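# Got a predicted structure here, sequence first:
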Amino acid sequence: MVLILMGSDSDLPIMKKAAEILEKFGVSYYMTVASAHRTPERVERLVKEAVAKGVKVIIAGAGGAAHLPGVVAAFTTLPVIGVPIKTSSLNGLDSLLSIVQMPSGIPVATVAINGAENAALLAIAILATSDENLARKLKEYREEMKKKVEEKAEKLDNLGYKAYIENFLNK
């Protein structure tokens with residue numbers, strides 16, 4: 001199981017991408033809102049209960065000061081993956097730097113700004129180290145991505161860039 005936390009419900013349009021990937025792979029998850037600043041007791045309770053509930057990885061998304069992933073990591077030894085959420089003031093750079101600059105001893109894996117999909121894929125990769133079925137699904141997923149790129153390359157090679165843009169990118 002994966003616990004998905006977000007600092008605000010305004011993060012849901014980004015964080016739902018993590019849930020969608022986990023669903024695609026058949027990985028169970030629980031998603032909720034918990035603010036490192038407004039509800040620190042809730043964050044602590046959720047994280048401390050996570051192990052007893054079978055959680056193996058936590059994904060935490062936050063914008064602005066983006067303290068949620070670090071606070072989560074302070075309460076657990078489970079792997080924590082931080083998702084910096086794009087903000088209106090600094091386009092998510094503030095979030096990225098807040099998450100990636102964790103002090104030594106309390107690591108948080110960090111994905112790209114708004115990278116909830118990659119956070120889920122990283123969580124799956126972590127879980128796949130002890131789940132052969134999940135490892136197989138992840139390998140198949142990557143093979144499918146490879147196949148799609150090769151198909152696009154072949155179309156571009158055959159059509160040339162002008163026809164490719166007209167037929168495939170403008171639709």
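Nice, thanks for sending it over.

# burial of the closest residue to Ile106 other than its chain neighbours, as a residue count?
For Ile106, ignoring the flanking residues on the chain, the nearest one in space by CB to CB, 6 or more residues apart in numbering is Ala73 at 4.9 Å. From N, CA and C alone the C-beta is placed, and that goes for glycine too. Other residues near Ala73 number 24, with proximity taken as other CB atoms under 10 Å.

# and if you look at the one 10 residues further on?
Under the neighbour criterion other CB under 10 Å, Val83 is assigned a count of 35.

# Check Ala60 too.
A count of neighbours around Ala60, defined by other CB under 10 Å, yields 30.

# Just read off the phi/psi values of it.
Recorded main-chain torsions at Ala60 are phi -130, psi 120, according to degrees, to the nearest 10.

# Below-threshold pLDDT in the chain: ranges please.
Under the criterion of pLDDT under 70, the regions of the chain flagged as low confidence span 170-171.

# any chance you could map the helices in it?
Residue ranges of the helices in the chain, as given by DSSP state H, are 12-25, 40-50, 68-74, 93-100, 116-128, 132-159, 161-164.

# Kindly reformat these as TSV containing distance to Val57.
As requested, those are arranged in TSV below (distance: least, CB to CB, whole Å):
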stretch	distance to Val57
helix 12-25	10
helix 40-50	10
helix 68-74	11
helix 93-100	16
helix 116-128	4
helix 132-159	12
helix 161-164	39
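
# so which of these is the most packed in?
Ranked by mean neighbour count under mean count of other CB atoms under 10 Å, the helices of the chain are led by helix 68-74, which reaches a mean of 25.

# Output that one as CSV, restricted to C-alpha atoms.
Provided in CSV are the C-alpha atoms of helix 68-74 (Å, rounded to 0.1, in the frame of the first residue of the first chain):
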residue,chain,number,x,y,z
LEU,A,68,5.1,18.2,4.1
PRO,A,69,7.5,15.6,2.6
GLY,A,70,10.2,16.5,5.1
VAL,A,71,7.9,16.5,8.1
VAL,A,72,6.6,13.1,6.9
ALA,A,73,10.1,11.8,6.6
ALA,A,74,10.9,13.0,10.1
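
# helices or strands up against it?
Counting by 3 or more CB pairs under 8 Å, 6 or more residues apart in numbering; DSSP states H and E, the packing neighbours recorded for helix 68-74 are strand 2-6, helix 40-50, strand 57-63, strand 80-85, helix 93-100.
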